[in-house]
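Participant: Next input, structure requested:
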Amino acid sequence: MYLCDGRIGNDYQVTDIKLPVNIEKRLEALGMTRGTSVTVLNSKGRGALIVKIRGTRFAFGHNITKNILVG
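Facilitator: All right, here's what the predicted structure looks like:
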């Protein structure tokens, strides 16, 4: 399942990131690596997704979240 399909309030674990290397490296610098726990806090339809990673809130666009596999 992809992160963009996640439900508000649920926790997921990142299993794979299928993005260009420069974006993947930036996400790793922010703390999103394979195996990281992610909590979906809010969803703006097919727009931004607000998530909590390691105690910090982030907003990611649909183009990023549709390429992050979670389980």
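Participant: From residue 44, how far out is the closest residue to residue 56 other than its chain neighbours?
Facilitator: Of all residues beyond its chain neighbours, the one nearest residue 56 is residue 31 (7.0 Å), with distances taken as C-beta to C-beta, 6 or more residues apart in numbering. To be clear about C-beta, it is placed using only N, CA and C from the backbone, and glycine gets the same treatment. Taking C-beta to C-beta, to the nearest Å as the criterion, residue 31 is separated from residue 44 by 22 Å.
Participant: ok, now which ones touch the residue nearest to residue 56?
Facilitator: Contacts here follow C-beta atoms under 8 Å, 6 or more residues apart in numbering; on that basis residue 31 touches 53-54, 56.
Participant: looking at the residues you listed, which has the most residues close by?
Facilitator: residue 53 (18 neighbours; other C-beta atoms under 10 Å).
Participant: Could I get the average pLDDT for stretch 14-28?
Facilitator: Computed over stretch 14-28, the mean pLDDT rounds to 95.
Participant: so how far is the first residue of that stretch from its last?
Facilitator: End-to-end distance of stretch 14-28 (C-alpha to C-alpha, to the nearest Å): 12 Å.
Participant: In it, which of the residues would be classed as buried?
Facilitator: 14, 17, 24, 27 (16 or more other C-beta atoms under 10 Å).
Participant: TSV please, covering these and showing distance to residue 64 and secondary structure.
Facilitator: Below are the buried residues of stretch 14-28 laid out as TSV (distance: C-beta to C-beta, whole Å; DSSP: H, G, I helix; E, B strand; the rest coil):
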residue	distance to residue 64	secondary structure
14	12	strand
17	9	strand
24	10	helix
27	8	helix
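Participant: so which of these comes closest to residue 37?
Facilitator: residue 14 (8.0 Å; C-beta to C-beta).
Participant: Okay, and the beta partners of that closest one?
Facilitator: When bridges are assigned using DSSP bridges, the partners listed for residue 14 are residue 70.
Participant: tell me the SS of the closest residue to residue 66 other than its chain neighbours?
Facilitator: For residue 66, ignoring the flanking residues on the chain, the nearest one in space by C-beta to C-beta, 6+ apart is residue 4 at 4.6 Å. In the three-state summary, residue 4 is assigned as helix, counting by DSSP: H, G, I helix; E, B strand; the rest coil.
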